[in-house]
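*Asks:* coords please:
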Amino acid sequence: MDDYLEILRHDAFRYGGGLNKSAAEVYWWLMQTPMTASSLIRKTGRSRTTVFRCLQRMSSVVDSRTGEIIAMVVNEKELWRLVPDIDLDRIALFVGTAGIGKRKQEQYRREQVDHRKSLLAGRKA
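*Replies:* Next up, the predicted model:
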């Protein structure tokens, strides 16, 4: 899953409960290569505060059921890097956003069908 848009769309990075889109950008850049925080700030165009907030959140995702802390990123000698084999679906479960994307897609499809039906009904009247 190294496609930029796939990362942005993943439930783990959903706005409103997830890690958010800024974290998705930081995550994607770290997928390319380990970086300093300064490099991440330049690459993402995000503020220093935002980048450090994202790194902090991704370095300590808490499983509310067990209290286990999962680190998605680690800092070694001022270089931030991804922890190997992180399951973003599992992270989405921990942050409470698992399945939201799928439910939203289904909702949008239903709304499209309903809209088409209402347009057809309007033409017939």
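*Asks:* Low-confidence ranges, the protein, go.
*Replies:* Counting by pLDDT under 70, the chain has low-confidence residues at 1-2, 100-105, 107, 124-125.
*Asks:* Tell me which residues touch Arg81, please.
*Replies:* If you count contacts by C-beta atoms under 8 Å, 6 or more residues apart in numbering, Arg81 has them with Leu30, Pro34, Val73, Val74. Using the backbone N, CA and C atoms, a C-beta is placed for each residue, glycine as well.
*Asks:* CSV please, covering those and showing neighbour count and secondary structure.
*Replies:* What follows is these, written out as CSV (neighbours: other C-beta atoms under 10 Å; DSSP: H, G, I helix; E, B strand; the rest coil):
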residue, neighbour count, secondary structure
Leu30, 22, helix
Pro34, 17, coil
Val73, 22, strand
Val74, 14, strand
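*Asks:* quick one: Thr50 from Tyr15, how far?
*Replies:* 13 Å (C-beta to C-beta, to the nearest Å).
*Asks:* Tell me which of the two has more neighbours.
*Replies:* Shown here are Thr50 and Tyr15; by other C-beta atoms under 10 Å, Thr50 has more neighbours (18 against 11).
*Asks:* hang on, isn't the more buried one packed against Ser22?
*Replies:* Yes: under the criterion of C-beta atoms under 8 Å, Thr50 makes contact with Ser22 at 5.2 Å.
*Asks:* Which parts of the chain are helices?
*Replies:* In the chain, the helices defined using DSSP state H lie at 4-9, 21-32, 37-44, 48-59, 88-95, 100-124.
*Asks:* so which of the ones you listed gets nearest Gly67?
*Replies:* Gly67 sits nearest to helix 88-95 of all the helices of the chain, at 10.9 Å, using C-beta to C-beta.
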